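> heads up, no residue letters with this:
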Ligand SMILES: NC(=O)C1=CN([C@@H]2O[C@H](COP(=O)(O)OP(=O)(O)OC[C@H]3O[C@@H](n4cnc5c(N)ncnc54)[C@H](O)[C@@H]3O)[C@@H](O)[C@H]2O)C=CC1
Ligand SMILES: O=C(O)CCC(=O)C(=O)O
């Protein structure tokens, strides 16, 4: 059945066409996102949800989304999506990180000019026939210092535009390297320095606990008199009340504000103030940007729903369409190894180490780690998947580490999953042959070569004569067919293990019976999603 996507915000119709062309069924209901009750009612029917900023994907929406696999944000900010709730439910959240960057950077520059020359007020006055030539004295941009807080995609574009306008550009961003700053032609500074030196300050960071209220009364007090402030990033970065007070006091000469603490903003302390230019979150609103983000989100969501390719996901490592077919068998292998280890352990797991030897070491190991964790946690959490597993492991205090190394044995490559609990350590290793099927190659340090079956009985026993016979007798007596049998041991007369392939699951009573056989230590039924 074709996957089904709901577009619940106003996206370019290009998205609809792309979904259809890729074989995805699509309902275009651009006002539905604003109707919370209706969204809750219908969301269960969809595999994908494509949004802009009006649809709020809350925990409640996620809970009602029984089939949802992917949320696609046609834009950058995903603060309208409860990502932890989506991750917990295994739903991928993706955005389109570059599609509207130029447009938003241009909006910041446009607001900077509008504030420098009081263009909106001058426009209103002129339309009213007032010709107030003396009222609107502006300032030049050339030679002024532009302070950019956040020099990522948009901040960097603003920087190059600022340099092009012959401004002196300084940037504060903890992740801005000196080399990148040099490349952009800007000076990397500390925040306090930026506040002291800038004539114009423009914000381009996400809203986080660190950036919330980054411009408040205390920050403004350290700024130059007559500073002008632009915010095209997120409401909440600037404390509106503090900015309004500073404008009224004449400390701040003007502000260009596209984003507000509460949106849609129907009221704000900034409204009605002289030389405050406001726009209703228009940063991304150009036809070019909206085409870009609609096309990109529809391509990305379709690629995920149809081929399993993941790009620009915020809660899952990327898997390209080219890499998906090569990676898929190893994803399955990692999941099977995790599932083996997870099913053998009843105690809380404290640590997991995933070793990639040879071929898989050169692959997208973040995806493989996620797959191994998903297999590992599945015995306890049926709904866990590659998206939710890393978060679930973290929430459960499981320490996860990965090791990559060059080919070290007879196989082109293999993966080994080692788990630790308070009482023990256990490892299982496997590889993929050219048929793409996973094989176990080592269990608890004992070499063996075994296919993976849907139902398998794992036993530990002493390497003594008669074990196979004893097990065979028990199965024969119970009328249960053994499809295949694999054995391994660490040394002659030492510890041995067996893997029995079954056509159907065993009853707990029969497993107990096997466990009570003389030479058998442990007997455990394992189930694999194969
Ligand atoms: N007004 C609008 O319509 C639009 C607004 N946006 C918003 O613009 C913002 C920036 O977007 P992008 O440049 O694409 O994001 P980005 O992720 O490329 O860049 C953000 C930068 O902020 C930096 N940063 C993080 N914490 C910081 C801190 N405490 N101090 C200083 N810098 C910090 C990061 O290191 C990063 O370089 C986002 O909040 C996004 O949602 C994006 C598009 C349209
Ligand atoms: O979709 C929009 O109009 C808003 C864009 C935006 O804020 C973003 O991409 O972060």
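Perfect, thanks for sending it. The structure displayed is predicted, hence computed values, not measured ones. Numbers count the residues shown, from 1 in each chain. Ligands and ions are numbered 1, 2, ... in the order given.

> which residues touch the residue of the stretch 351-500 of the chain found nearest ligand 1?
As assessed by CB to the nearest ligand atom, ligand 1 sits closest to residue 366 within the stretch 351-500 of the chain, at 18.8 Å. For the C-beta atoms, the positions are set from N, CA and C on the backbone; glycine is no exception. Neighbour list for residue 366: residue 317 [criterion: CB atoms under 8 Å, 6 or more residues apart in numbering].

> how about the helices in the stretch 1-150 of the chain?
Using DSSP state H, counting those that start in this stretch, the helices found in the stretch 1-150 of the chain span residues 14-21, 36-42, 59-64, 83-88, 101-116, 119-127.

> what is the longest helix along the chain packed up against?
Longest helix in the chain, counting residues (DSSP state H): helix 323-343. Helices and strands touching helix 323-343, by 3 or more CB pairs under 8 Å, 6 or more residues apart in numbering; DSSP states H and E, are strand 349-358, helix 365-377, strand 413-421, strand 425-432, strand 438-443, strand 520-527.

> between the helices of the stretch 1-150 of the chain, which gets nearest to ligand 1?
Using CB to the nearest ligand atom, the nearest of the helices of the stretch 1-150 of the chain to ligand 1 is helix 101-116, at 4.0 Å.

> touching that closest one from outside, list them.
Identification of contacts with helix 101-116 by CB under 8 Å, 6+ apart yields 76, 119-120, 138-141, 146, 153-154, 157-158, 161-162, 165, 200, 202, 204, 228, 230, 232, 253-258, 275, 277, 279, 282-286, 288-289.

> take the residues you listed and keep only those in strands.
Judged by DSSP state E, the contacts of helix 101-116 include 146, 200, 202, 228, 230, 253-257, 277 as members of strands.

> show me what from the stretch 51-200 of the chain comes close to ligand 1.
The stretch 51-200 of the chain has residues 75-77, 97, 100-101, 104, 149-155, 172-175 near ligand 1, with proximity defined as CB under 6 Å from any ligand atom.

> for ligand 2, what is the nearest residue in the stretch 251-400 of the chain?
At 3.6 Å from ligand 2, residue 284 is the closest residue in the stretch 251-400 of the chain, using CB to the nearest ligand atom.

> how about the contacts made by that residue?
Residue 284 touches 75-76, 100, 103-104, 290, 293, counting by CB under 8 Å, 6+ apart.

> let's see 10 Å
52-53, 74-77, 99-101, 103-104, 107, 232, 258, 290, 292-293 (CB atoms under 10 Å, 6 or more residues apart in numbering).

> and for residue 161?
By CB under 10 Å, 6+ apart, residue 161 lies in contact with 102, 105-106, 108-109, 112, 146, 167, 169.

> repeat that for residue 120.
Contact analysis of residue 120 by CB under 10 Å, 6+ apart lists 111, 114, 256, 275-279.

> ligand 1 contacts on this structure?
When proximity is defined by CB under 6 Å from any ligand atom, the chain lies next to ligand 1 at 75-77, 97, 100-101, 104, 149-155, 172-175, 204-206, 208, 210-211, 232-234, 258-259, 281, 283-284.

> mark which of those are buried, thanks.
75-77, 97, 100-101, 104, 149-155, 172-173, 204-205, 211, 232-234, 258-259, 281, 283-284 (16 or more other CB atoms under 10 Å).

> returning to that earlier point: which members of the contacts of residue 161 are the farthest-apart pair?
Between any two of those, the greatest separation by CB to CB is 18.2 Å, found for 102 and 167.

> low-confidence ranges, the protein, go.
Along the chain, segments meeting pLDDT under 70 span 382-383.

> what sits against the residue of it found nearest ligand 1?
Per CB to the nearest ligand atom, residue 152 is where the chain lies closest to ligand 1, at 1.8 Å. Going by CB under 10 Å, 6+ apart, residue 152 touches 76, 97, 101, 173, 175-176, 204-206, 233.

> domain-wise, how is this structure divided?
According to automatic domain parsing, the chain comprises the domains 4-98+288-307, 101-278, 316-452, 454-530.

> the third one: end-to-end distance?
Using CA to CA, to the nearest Å, the end-to-end distance of domain 316-452 comes out at 26 Å.

> does stretch 65-81 come close to ligand 2?
Yes. Looking at stretch 65-81 against ligand 2 by CB under 6 Å from any ligand atom, the contacts come from 75-77.

> one more: stretch 30-45?
No. Against ligand 2, stretch 30-45 shows no contacts by CB under 6 Å from any ligand atom, the least distance being 11.4 Å.

> contact partners of that stretch?
Contacts of stretch 30-45 (CB under 10 Å, 6+ apart): 4, 6-11, 13, 27, 29, 49-58, 60-68, 80, 264.

> just the buried residues of those.
Buried residues within the contacts of stretch 30-45, counting neighbours by 16+ other CB under 10 Å: 4, 6-9, 11, 49-58, 61-62, 65, 68, 80.

> among those residues, which are in strands?
The strands, defined by DSSP E, take in 4, 6-7, 49-51 from the buried ones among the contacts of stretch 30-45.

> of all the residues you listed, which comes closest to residue 270?
Residue 270 has its nearest neighbour among these in residue 51, at 27.3 Å by CB to CB.

> setting aside sequence neighbours, what's the nearest residue to that closest one?
residue 9 (4.9 Å; CB to CB, 6 or more residues apart in numbering).

> measure the one you found to ligand 2 for me?
8 Å (CB to the nearest ligand atom, to the nearest Å).

> isn't that residue up against residue 55?
Yes. Using CB atoms under 10 Å, residue 9 makes contact with residue 55 at a distance of 5.2 Å.

> what touches both of the two?
Counting by CB under 10 Å, 6+ apart, the shared contacts of residue 9 and residue 55 are 30, 32-34, 49, 73, 80.

> mind listing the strands for the stretch 401-530 of the chain?
Secondary structure of the stretch 401-530 of the chain (DSSP state E, counting those that start in this stretch): strands located at 413-421, 425-432, 438-443, 446-451, 455-462, 482-489, 495-502, 520-527.

> out of the ones you listed, which gets nearest to ligand 2?
With CB to the nearest ligand atom as the yardstick, what comes closest out of the strands of the stretch 401-530 of the chain is strand 413-421 (37.7 Å).

> which of residue 102 and residue 167 has more neighbours?
Higher neighbour count among residue 102 and residue 167: residue 167, with 21 against 17, using other CB atoms under 10 Å.

> now do the same contact list for the closest residue in space to that one that isn't next to it in sequence.
Using CB to CB, 6+ apart and skipping the chain neighbours, the partner closest in space to residue 167 is residue 146 (4.5 Å). Listed by CB under 10 Å, 6+ apart, the contact set of residue 146 reads 108-109, 112, 158-159, 161-163, 165, 167-171, 186, 194, 197-202, 228, 230.
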